[in-house]
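In: A structural model of the following input is requested.
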Amino acid sequence: MRSCVSALCSRWFSDCTRSNLLRMRLGLMIMIGFLALVCGFWLFMAPIAVAQETLRTGTAPDISAAGQTVPVSPASVDGPQQASGETAIQPQPVPALPADAKSGSEEKSASASPVPEIVLPAPPSVPAPAEAMEEVNPVAQQASGETVPHSGMAGDVSPPIPDAATSPAAPSQSSPALASPALAPSAVAEDPNARLTAAIATLLPQPKDEATPRAQNRNAALKEAVRVYYAETNYAPLWTSDGGWTKLAKAAMLRLKKAGEDGLNPDSYKLSALPPSPSPEDLARADIALSEAVALYAQDARGGRIQPSRLSSLITPKLELPAPGEVLAQLAASADADAVLEGYNPQQPGYRALKAKLAELSGAQQEEEPVRIAQGPVLKPGMSDARVPLIRARFKLPPAEDGKEALYDTDVVAAVTAFQKESRLRVNGLFTKATVDVLNGQSKSQVQAGIIANMERWRWIPTDMG
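Out: Predicted coordinates for the structure are as follows:
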C-alpha cells in the first residue's frame with residue numbers, strides 16, 4: 001500500500017513539474033514577443049515623430065562635423081553670396097566737385113572756341129506691323145475730306161498733300177507706295193496630323209515616378225512599351241493619315257485576320273471599325289489599338305501565349321519574345337507589314353507541315369461525322385440495349401428480323417468481332433469500353449486541337465539553333 005501511494009505521489013510531482021516548465025516556457029515566449037513588439041513600435045514611430053516635429057517647427061536637425069545637432073532654418077540662408085562666405089560689393093557715392101572748381105571749368109569752356117552745332121535729320125517713322133496693315137491711302141482720304149494723321153516723330157512737318165481738284169487725275173492703279181498692304185499668307189503651313197499627334201499624346205497614359213517600379217503583368221508591360229515607343233517618336237501616328245487607315249495598316253490588319261492559319265486566335269487581335277467621319281480622337285484610339293495588337297501578335301507568334309514552366313517544371317525553354325518597340329520600329333520601316341508579322345512565326349519545315357495540315361482540315365468540306373456511340377454496360381450476345389441500332393447503322397448491317405432492333409444478335413456480334421480483329425483489340429465479340437473508344441475515334445476538332453498544340457511547341461524552339 002505504501003509503495004502504491006509513493007508511486008502515485010512521484011508521478012503527480014513529475015506531472016506538476018512538467019506542466020510548470022511548459023508554463024514557464026510559454027510565459028517567457030510571451031514576454032519576448034511583447035518586448036519585440038514594443039521595440040518594433042518604437043523604431044517605427046520614432047521617424048514619424050521626427051518628421052512631424054520638422055513640419056511643425058519648420059526646422060530640420062543638421063549634424064555638424066563635430067557631431068552636434070544644430071537647427072537649420074530656411075530663413076537662416078540669406079543668399080548664395082552669404083552662404084558661400086563672399087562679401088557683397090556696395091556702390092560708392094561719387095564726391096561732389098567744389099564750387100570754385102565748377103566755376104573754373106565753366107570759364108575755361110566758355111573761353112574755348114565755339115563748336116558748331118550739328119543738327120541730324122529725324123529718322124523716318126516706321127509703322128508697327130499692326131499699324132501698317134491698318135494704313136489707308138492718303139490720296140483717297142484727302143479726296144474724301146478727312147484729315148490725314150501724320151505718323152512721324154514730334155517736331156516734323158509733313159509735306160502738304162495737293163488738293164484733289166488741282167492735282168492731276170490719279171492713275172487707274174494706285175502707286176505701290178500708297179497701296180494698302182495685304183495680309184501675307186502663313187509662312188509655315190499647319191501640319192495636317194498635328195491634331196492627331198496631340199490626341200495620341202493625350203490618350204496615352206503618362207509615366208508615374210516610382211522609386212521602385214512595380215511588377216507588371218504581360219498586358220500592362222506591353223501597353224507601357226507601346227507608350228514609350230510613341231513618346232520616342234514624338235507621338236507621330238503610325239497607322240492613320242488623312243482621316244483613315246494607311247496602306248501599311250491595311251496589310252497589318254490582313255495578317256491579324258489570318259492569325260488562325262498559324263493556330264492563333266484572331267479574336268485576340270480584333271479591332272473596332274472606324275466611324276464614317278472619324279475625329280482626331282477616333283483616329284488616335286485606332287492607331288494605338290493597332291500598335292498594341294501587332295505587338296501582341298508578334299509575341300504570341302514566338303510562344304508568348306503560354307508559359308511552358310506552368311505546364312511542367314521539367315519544361316524549361318527560354319522564350320525569345322520580341323520587344324514591342326522593336327516590332328513597331330521594324331513595321332514602320334517596312335513596306336509590307338504582312339510579311340514582317342508572318343516572319344515572327346517559326347519557319348522550320350516541321351512547323352510548316354503542321355500548318356499545311358491545319359489548312360487542309362480547315363478548308364475541307366464539312367462532312368457529316370459518323371454517329372458517336374455512348375459508353376455503357378458491356379454488351380454480350382442475347383442482350384438488348386438502345387445502342388444496338390446505332391451499332392447496326394455504324395457497321396451498315398441490314399435491319400433485324402421480327403423487329404428486334406435492340407437485340408445484340410449474332411450478326412452484330414460477328415461485325416464487332418471483325419472490327420476488334422482489324423483494330424488489334426482483344427477479340428471476344430463483346431462490345432466493351434475499349435471497343436467503343438476505337439470505334440468512335442477522334443473528331444475533326446480533336447485532330448485540329450492536337451495540331452495546334454504541336455505548332456505551339458515549335459514556338460518554344462529557338463530561331464537560331466547554332
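
In: quick check: phi and psi at residue 445.
Out: phi -70, psi -30 (degrees, to the nearest 10).

In: how near is it to residue 361?
Out: Separation of residue 445 from residue 361 (Cβ to Cβ, to the nearest Å): 9 Å. C-beta here means a position set from N, CA and C on the backbone, and glycine is covered the same way.

In: isn't residue 439 right up against residue 394?
Out: Yes - if you go by Cβ atoms under 8 Å, residue 439 and residue 394 touch, sitting 6.8 Å apart.

In: so in the chain, which helix runs the longest?
Out: helix 2-57 (DSSP state H).

In: okay, and the common contacts of residue 439 and residue 394?
Out: In terms of Cβ atoms under 8 Å, 6 or more residues apart in numbering, residue 439 and residue 394 are both contacted by the residues residue 373.

In: these two - which one has more neighbours?
Out: Using other Cβ atoms under 10 Å as the criterion, residue 439 and residue 394 rank with residue 439 on top: 20 against 17.

In: nearest spatial neighbour of the more buried one, skipping sequence neighbours?
Out: For residue 439, ignoring the flanking residues on the chain, the nearest one in space by Cβ to Cβ, 6 or more residues apart in numbering is residue 373 at 6.4 Å.

In: and the one you found, what's its pLDDT?
Out: Each residue has a pLDDT score; the one for residue 373 is 88.

In: try residue 162
Out: On the pLDDT scale, residue 162 is placed at 45.

In: and if you look at the one 3 residues further on?
Out: Residue 165 carries a pLDDT score of 41 in this model.

In: ok, now residue 357?
Out: 92.

In: show me where the chain has its strands.
Out: Secondary structure of the chain, counting by DSSP state E: strands at 60-63, 69-72, 240-241, 244-245.

In: now for the last one, which elements pack on it?
Out: Other elements packing on strand 244-245 under the criterion 3 or more Cβ pairs under 8 Å, 6 or more residues apart in numbering; DSSP states H and E are absent; no helix or strand qualifies.

In: what's near enough to touch the residue nearest to residue 439?
Out: Counted by Cβ under 8 Å, 6+ apart, residue 373 has contacts 387, 390-391, 394, 436, 439-440.

In: repeat for residue 427
Out: 417, 420-421.

In: neighbour count added to the residues you listed, as a markdown table?
Out: Listed next are the contacts of residue 427 as a markdown table, based on neighbours: other Cβ atoms under 10 Å:
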| residue | neighbour count |
| --- | --- |
| 417 | 15 |
| 420 | 21 |
| 421 | 11 |
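
In: and the residues you listed, which is closest to residue 306?
Out: Lowest distance from residue 306 to the contacts of residue 427 (Cβ to Cβ) belongs to residue 420, with 39.0 Å.

In: the closest one contacts residue 435, doesn't it?
Out: Yes - Residue 420 lies in contact with residue 435 (Cβ under 8 Å); the separation is 6.2 Å.

In: right, I'll call it a day here.
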